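> Need coordinates for the below:
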Amino acid sequence: VIQGIVRSLRFTYGVEEIYGIPYGYGGIYTKEWLPMTLDSVRDIHDLGGTILGSSRGGWDLDKMMDTLTKKKVNQLFVIGGDGTHRGAEKLANEAKRRGLNLVVAGIPKTIDNDVPFIDQSFGYRTSVGEAVRAIRAANVEANGAPNCIGLVKVMGRHAGFIALQASISARVVNCCLIPEMNVSK
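Modelled structure (predicted):
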């Protein structure tokens, strides 16, 4: 995603200065921004995850807006899940309230796949593939001895998309529990 943004901004729009902000929203005012050049993003698609790091929290709207204003940012691309996009909406609304020339663009990237209105977010397919590998490995181990089970827990804070899709894809799962189901009884 980062590579695509940098290439698009550079080649399509001729943008000369592109920066990456480490560790999410808090990094806007606490971290040194990293220059994103064509060379610096050339091979990042092979690294997985994010070269900028990620975080939860660090939310100080005034500090973020003051920093973005001071650095004369007119485009901010935020990459993440539902919480990231709620934050992007707050930033955009505050920029509008302050009369700033700032566009905030949200790009869904979450393995949870819980961003509305899209079929799959970046990262989801990879997470399902890795979960299928774990399920198949657990199945091999469980079948290697009598009275054994394979138990695999996968990411999915409030959404069971990974668990459900991986269970169907692996074709060896007898029971799949997902957060959307009430299993307390």
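
> Can you show me the helices along the chain?
2-7, 27-30, 61-70, 82-98, 124-142, 161-170 (DSSP state H).

> Can you spell out which helices and strands pack onto the third one?
Pointing back at helix 61-70 there. helix 27-30, helix 82-98 (3 or more C-beta pairs under 8 Å, 6 or more residues apart in numbering; DSSP states H and E). Glycine gets a C-beta too; all of them are placed from N, C-alpha and C.

> What average pLDDT does stretch 115-133 get?
Averaged across stretch 115-133, pLDDT comes to 86.

> about what we covered before: what's the closest of the helices of the chain to residue 18?
Closest of those to residue 18 is helix 2-7, at 5.5 Å (criterion: C-beta to C-beta).

> What are the contacting residues of the closest one?
Contact with helix 2-7 is made by 18, 20, 36-38, 40-42, 44-45, 50-52, 77, 79, 107, as judged by C-beta atoms under 8 Å, 6 or more residues apart in numbering.

> Please pick the buried ones from these.
Among these, those scoring as buried are 18, 20, 36, 40-41, 44, 50, 52, 77, 79, 107 (criterion: 16 or more other C-beta atoms under 10 Å).
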